[in-house]
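Undergrad: structure for this input, please:
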Amino acid sequence: QVWSNGTFQWNPDYTDGDAPEGVRCCRLDGEQYDSWGIGYTQSAFRAASTNISGMAWNLDVDGDYAYVAVADQGLKVFNIADPIHPVEVSSLALAYARDVVVSDHYAYVASNPFRVVNVSDPANPVVVGSVSVGSAFSVEVAGHYAYVVRRDTQGSLVIVDVSDPSNPTVTGTARIASLDCHVRISNNYAFVALQDTGFHVIDIGTPSNPLVLTTNAFSTPMGLDLARGYAYVGCYGSLKVVDITTPSAPRVAASINLNGQIRDIRVSGNYAYVAGDTRLKIFDIGNPTNPVFAGYGPEMGALTYGVEQAGDYAFVAAYTSGFQVVDISHTGGMTNLGDYAEGCLKFQVKTPVDLTIGMEAGGLTSKLALSLYNWCGSNTWQDIVIPIRDFGFSSNQLTTATTLFTCSPSGAAVATCLVDQIRLSNQF
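TA: All right, here's what the predicted structure looks like:
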């Protein structure tokens, strides 16, 4: 992905008889402060985007349908039988819809009040039951119970008996403070990530008397999913992998730093799909004790609040950017740029003026002068080798690289610069 700022122009098919790679190279025409770069998005890309006049907060996928909780609109249902052409088939006005889980033809909506919706006909959803649990924010369903976290001054995990969908009944509560949050269920335990108080484990073996077993005071955790004896907890600035094989004594098995907040996580197979910032992040968790960044999704234009995965697609609730579909079919072929931390950036250049060469990774931008790397100062072709360490990026930061190469003339006059064979290498 190539971008440019200012009056900078580029031509990748420029013919130059002296070009190192042959007769063609990249011609760059610009002046001081203009810039040009090669963006890096890995290989997940937007397949579809559906505008919603509201705040898409979270979602669930069930068969050929995606159910989207839109905070200020209610429940919207999309047919995703053809994922690249999602079609809205129905909408149900509900107040403060923040989360939704679909199970056995019913949608359980974290709203105020908590609602049970019959979606046996997705084109005609019907509210069949409701119960007041305060300001419901997150919901999970297991067996005959819905586990609802309320986000208000009476923050609690509320256990609701939904064995009769038309008459949901509060069975028990466990008091926990609550801001933004997620809840997941495994066996007789509820795991709750709460933005203000941390990661909680609650014994729900007796639904009428849930007991908080332990709390880990992570930094503003919100995102959460469970898989194969681990909890994947999304915090501000990190993704933590927590060993929960002994629920009463959870143990951090791994942590990977990243920029921004994680709001939702969905684990599928060997990958964790992470929502929070304006781009979906993807992590390889084949080895849970050593998670590795595997790639970005496309820029969404708004914060991503919820994510689900089915087949070759990730489905994203992207707040004011609506309901988005991301093709993740090539995730397994992504390159770990962290492997080049001790390598170098190589390219060939022909320029009459000094250039500023840069990279962007880990949310940081680093720039270096071409003249520091044996540029002869004349308009002839030269091989340039810049050690990656000179940019100051760590291996972890490189795994989140967004721009592999930027170029900007240092002189005030318009200059024509030719560049060829830009690459990363572990051989100097």
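Undergrad: is residue 371 in a helix, a strand, or coil?
TA: helix (DSSP: H, G, I helix; E, B strand; the rest coil).
Undergrad: I'd assumed residue 353 was in contact with it.
TA: No: the criterion here is CB atoms under 8 Å, and residue 371 misses it with residue 353 at 9.8 Å. Every residue, glycine included, has its C-beta placed from N, CA and C.
Undergrad: neighbour count winner among the two?
TA: Using other CB atoms under 10 Å, the more surrounded residue of residue 371 and residue 353 is residue 353, with 20 against 14.
Undergrad: do a quick rundown of the strands in the stretch 101-250 of the chain.
TA: For the stretch 101-250 of the chain, the strands defined by DSSP state E, counting those that start in this stretch occupy 106-110, 114-118, 126-131, 136-142, 145-150, 156-161, 169-175, 181-186, 189-194, 198-203, 211-216, 223-227, 230-235, 238-243.
Undergrad: helices or strands next to the third one in the packing?
TA: Judged by 3 or more CB pairs under 8 Å, 6 or more residues apart in numbering; DSSP states H and E, strand 126-131 is in contact with strand 114-118.
Undergrad: tell me the angle the strand it packs on makes with strand 169-175.
TA: Between the axes of strand 114-118 and strand 169-175, defined by axes from the mean of the first three to the mean of the last three CA atoms, to 10 degrees, the angle is 140 degrees.
Undergrad: quick one: closest of the strands of the stretch 101-250 of the chain to residue 29.
TA: With CB to CB as the criterion, residue 29 lies closest to strand 238-243 of those, at 42.3 Å.
Undergrad: now render the strands of the stretch 101-250 of the chain as TSV, adding distance to residue 81.
TA: What follows is the strands of the stretch 101-250 of the chain, written out as TSV (distance: least, CB to CB, whole Å):
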stretch	distance to residue 81
strand 106-110	18
strand 114-118	21
strand 126-131	22
strand 136-142	24
strand 145-150	28
strand 156-161	32
strand 169-175	36
strand 181-186	28
strand 189-194	33
strand 198-203	37
strand 211-216	41
strand 223-227	25
strand 230-235	29
strand 238-243	32
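Undergrad: who wins for proximity to residue 272 among these?
TA: Short answer: strand 230-235, nearest of the strands of the stretch 101-250 of the chain by CB to CB, at 5.5 Å.
Undergrad: kindly export the closest one (C-alpha atoms) in PDB.
TA: Output for strand 230-235, consisting of C-alpha atoms alone and laid out as PDB, is shown next (Å, rounded to 0.1, in the frame of the first residue of the first chain):
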ATOM      1  CA  TYR A 230      -6.400 -20.000  29.200                       C
ATOM      2  CA  ALA A 231      -8.100 -16.700  29.500                       C
ATOM      3  CA  TYR A 232      -7.000 -14.100  27.000                       C
ATOM      4  CA  VAL A 233      -7.400 -10.700  28.800                       C
ATOM      5  CA  GLY A 234      -7.200  -7.500  26.900                       C
ATOM      6  CA  CYS A 235      -5.900  -4.600  28.900                       C
END
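Undergrad: quick one: contacts for the spatially most central residue of the chain?
TA: Central residue of the chain (CA atoms, centre = their mean): residue 280, 2.6 Å from the mean position. Residue 280 is in contact with 44, 273-274, 296-298, 300, 304, 307, 314, 316, 326, counting by CB atoms under 8 Å, 6 or more residues apart in numbering.
Undergrad: how about the strands of the stretch 101-250 of the chain in JSON lines, adding distance to residue 267 and mean neighbour count?
TA: Putting the strands of the stretch 101-250 of the chain into JSON lines (distance: least, CB to CB, whole Å; neighbours: other CB atoms under 10 Å) gives the following:
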{"stretch": "strand 106-110", "distance to residue 267": "21", "mean neighbour count": "27"}
{"stretch": "strand 114-118", "distance to residue 267": "26", "mean neighbour count": "23"}
{"stretch": "strand 126-131", "distance to residue 267": "30", "mean neighbour count": "17"}
{"stretch": "strand 136-142", "distance to residue 267": "14", "mean neighbour count": "24"}
{"stretch": "strand 145-150", "distance to residue 267": "18", "mean neighbour count": "26"}
{"stretch": "strand 156-161", "distance to residue 267": "21", "mean neighbour count": "23"}
{"stretch": "strand 169-175", "distance to residue 267": "25", "mean neighbour count": "16"}
{"stretch": "strand 181-186", "distance to residue 267": "10", "mean neighbour count": "22"}
{"stretch": "strand 189-194", "distance to residue 267": "13", "mean neighbour count": "26"}
{"stretch": "strand 198-203", "distance to residue 267": "16", "mean neighbour count": "22"}
{"stretch": "strand 211-216", "distance to residue 267": "19", "mean neighbour count": "15"}
{"stretch": "strand 223-227", "distance to residue 267": "4", "mean neighbour count": "22"}
{"stretch": "strand 230-235", "distance to residue 267": "6", "mean neighbour count": "26"}
{"stretch": "strand 238-243", "distance to residue 267": "10", "mean neighbour count": "21"}
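Undergrad: any chance of these in CSV, plus distance to residue 72 and mean pLDDT?
TA: Listed next are these as CSV, based on distance: least, CB to CB, whole Å; pLDDT from 0 to 100:
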stretch, distance to residue 72, mean pLDDT
strand 106-110, 14, 98
strand 114-118, 16, 98
strand 126-131, 18, 98
strand 136-142, 15, 96
strand 145-150, 19, 96
strand 156-161, 23, 97
strand 169-175, 26, 96
strand 181-186, 19, 95
strand 189-194, 23, 96
strand 198-203, 28, 96
strand 211-216, 32, 94
strand 223-227, 22, 97
strand 230-235, 24, 97
strand 238-243, 29, 97
